[in-house]
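1. what would the 3D arrangement of this be:
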Amino acid sequence: MKNYILLCIAAGILSVNSYSQQKRVASADKKYDSYAYVNAIKTYERVADKGYKSEDLFENLGNAFYFNSQFDKAAKWYGELFAMNPEQEPEYYYRYAQSLKSVGDIEKAKEMLDIFEKKSENDARATLYKNDRNYMDVIKLNSGRYKIEDAGINSQYSDYGTAFYEDRIVFTSARDTGSLGQRKHKWTGEYFTNLYQAEVDTVYNPGKAEKFISKINSKFHEATPVFTKDGKTAYFTRNNYINGKKGKDENKITLIKIYRATLENNKCVNITELPFNSNSYSTAHPALSSDEKTLYFSSDMPGSIGQSDLYKVSINSDGSYSTPQNLGPQINTEGKETFPFVTDEDEIYFASDGHPGLGGLDVFVAKIDSTGVSNIQNVGADINSPMDDFAYIIDTKSRRGFFSSNKSGGHGSDDIYKFLETRRPGCIQELYGTVTDLETGEILPNTKLTLYDRKFNMISSVNSDENGNYTFPVECDKTYNIRAEKEGYTTKEQSITIPYENGRTHLPIELEKADCVVTIGDDLGKCFGIKMIYFDLDKSNIRPEAALDLEKILDVLNEYPNMKLDIRSHTDSRQTHKYNEELSDRRAKSTIKWLVDNGIDKSRLTGRGYGETQLVNECADGVECTEEQHQMNRRSEFIISDL
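-> Next comes the predicted model:
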């Protein structure tokens, strides 16, 4: 991506030992400071090729390629910089990491990001990386959602920044080579960009490209327009140039501004710059809310968090504008946030190199409302690449749209791609299950189920259907509590954490009857769902979760002082017969001892271990069984011997 659009500001001062080299590098520095990066690169490289080494030289070479989105070459020179001195300013660890991602060296990039995080505690990019080290899982989850094709309108020059306009698209292109005297931009080495248009069919296949309405294009850059729904008003990006006059900042650099134009009879009239523009900073890439009452844009104006931030202004009924409002640290980082696009579904798509991504600019999507921005997600590896991916627009009805990228395999430095989105972004999950009677397995329809968040704030409530089934839509990677209530049964609460993957999470719920009717010969443990008293492996010490179940048995024995129990412990068939019998016997005796220690007369308790002699299935020695089948044989029983 060309950084006159990305609003990236850079400066460098180079010190040299050789006088002749000093003159060359000083000349390159002037070009560097005025954003003539192509010429500066040639000078720096010639000096470096002669064996001259300097941290400043490598910084400037790395930056020149980084700002020009030639990340493979930036990685080379940043590598030289770190080889010369591994201790650099934090920003260079981040730039080096981004460049390394583009050449596929993910492990080295991670190493640089780890150091960047430690050195940059107050940098939003470091915080995002620290809090989302598994960001690649999100990218993977959101990948595979698009069918992508070349848009069919690209040239050998830079083409990018598409907008919907009536029955066509309007885009930015540097293809206008014009006459022999046509001017080139020193930064990119390409001709200045103009706006072009192409009609599209019902599935957004563009036709022949031609120049957009006259008078909107000047001898400088025009780019990234947006149009009102009635087609009568356009906002667009242009160099600081209007009415034949070119504005410059204090360093004599012509920055970029947002302009407004009226479109009448296929002509562009009344071109005016917006009042919040300035000669001292850039504004660019306008985007309109669906009600056309809010204009979003990118800028490096004072108060920005990073190299460029996303802002919004209200468009008042009288045509005036409110004071620009920064969208805040939820979305803006110390890097670049740019190319906003707002849908009629209250989503904002934007490009960023500050949020965790694949390298260069990645496209992200977030929910947006009056309170701010939330749920920021990388749209995935179909759209995004290790290079710059940006200028994403989508028609929410057809889910078709366009984006721009300088990824490999294109026609020019930037190219436009069209896409069909086949699945919405994000992790989609459903919590479901069946409510049954703990003892009988009978389904329990019309059970009230209430879903709570991890802090027990209620989210929603449903009743199980005639088959005992329930469902709740839930968010991925979150913990929930679910409460089941039914007359005649003990209310039960369970906690569950939803995985971060698309799909359904199963949570069956078994309810205990409030009144458990038992008689001599019944297993008291079944009243409470006690299938096994748990011990540590090969041991007979009562574990805390086992003590909880034994407390239930203890309570019943205290309530019925004439009740006597025969406590039986069983194992599966693994290990030897003798070992299993001895282990189960020790465990039965440990259970009895715990009850006696807690006040039960020893005369009311009998028990022994049966080892593997009373298996409930065919899983005997030599029979291959699953872990679940073996688990059925590992059980504890509390048989009532007298009432």
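2. residue nearest the middle of this structure, spatially speaking?
-> Nearest to the mean C-alpha position of the chain, by Cα atoms, centre = their mean, lies residue 377 at 3.3 Å.
3. that one reaches residue 425, doesn't it?
-> Yes - using Cβ atoms under 8 Å, residue 377 is in contact with residue 425, at 5.4 Å. Backbone N, C-alpha and C define where each C-beta goes, glycine included.
4. any common contacting residues for those two?
-> Counting by Cβ atoms under 8 Å, 6 or more residues apart in numbering, the residues touching both residue 377 and residue 425 are 142, 365.
5. what's the neighbour count on residue 411?
-> 15 (other Cβ atoms under 10 Å).
6. disregarding residues adjacent in the polypeptide, which is nearest to residue 384?
-> residue 362 (4.4 Å; Cβ to Cβ, 6 or more residues apart in numbering).
7. can you tell me, leaving aside adjacent residues, what's nearest to residue 385?
-> Nearest to residue 385 is residue 407, by Cβ to Cβ, 6+ apart, at 4.2 Å.
8. equivalent analysis for residue 115, please.
-> Per Cβ to Cβ, 6+ apart, closest to residue 115 is residue 93, 5.1 Å.
9. against which helices or strands is the helix or strand hosting that neighbour packed?
-> Following DSSP states H and E, the helix or strand that holds residue 93 is helix 90-102. In this structure, helix 90-102 makes packing contacts with helix 55-67, helix 71-84, helix 106-119, judged by 3 or more Cβ pairs under 8 Å, 6 or more residues apart in numbering; DSSP states H and E.
10. mind putting these into CSV with mean neighbour count, mean pLDDT and distance to residue 448?
-> Output for those, formatted as CSV (neighbours: other Cβ atoms under 10 Å; pLDDT from 0 to 100; distance: least, Cβ to Cβ, whole Å):
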stretch, mean neighbour count, mean pLDDT, distance to residue 448
helix 55-67, 24, 87, 59
helix 71-84, 20, 91, 57
helix 106-119, 17, 88, 47
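11. below-threshold pLDDT in the stretch 351-500 of the chain: ranges please.
-> Nowhere does the stretch 351-500 of the chain drop to pLDDT under 70.
12. re the thing from before, ok now the helix holding residue 93, how far from the chain's centre?
-> Taking Cα atoms, centre = their mean, to the nearest Å, one finds helix 90-102 lying 20 Å from the centre of the chain it belongs to.
13. likewise stretch 225-239?
-> Distance of stretch 225-239 from the chain centroid (Cα atoms, centre = their mean) equals 31 Å.
14. what comes up buried for it?
-> Within stretch 225-239, the residues that count as buried by 16 or more other Cβ atoms under 10 Å are 225, 226, 227, 233, 234, 235, 236, 237, 238, 239.
15. out of the helices and strands packed on helix 90-102, flag the one nearest residue 396.
-> Nearest of those to residue 396, taken as Cβ to Cβ: helix 71-84 at 32.2 Å.
16. for the closest one, output the C-alpha coordinates as CSV.
-> C-alpha atoms of helix 71-84 as CSV (Å, rounded to 0.1, in the frame of the first residue of the first chain):
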residue,chain,number,x,y,z
PHE,A,71,8.0,-6.0,3.5
ASP,A,72,10.5,-8.6,2.2
LYS,A,73,13.1,-5.9,1.7
ALA,A,74,12.2,-4.2,4.9
ALA,A,75,12.8,-7.5,6.7
LYS,A,76,16.3,-7.7,5.1
TRP,A,77,17.4,-4.3,6.3
TYR,A,78,15.8,-4.5,9.7
GLY,A,79,17.7,-7.8,10.1
GLU,A,80,20.9,-5.9,9.3
LEU,A,81,19.9,-3.3,11.9
PHE,A,82,19.4,-5.9,14.7
ALA,A,83,22.5,-7.8,13.7
MET,A,84,24.5,-4.6,14.2
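17. fine by me, thanks again.
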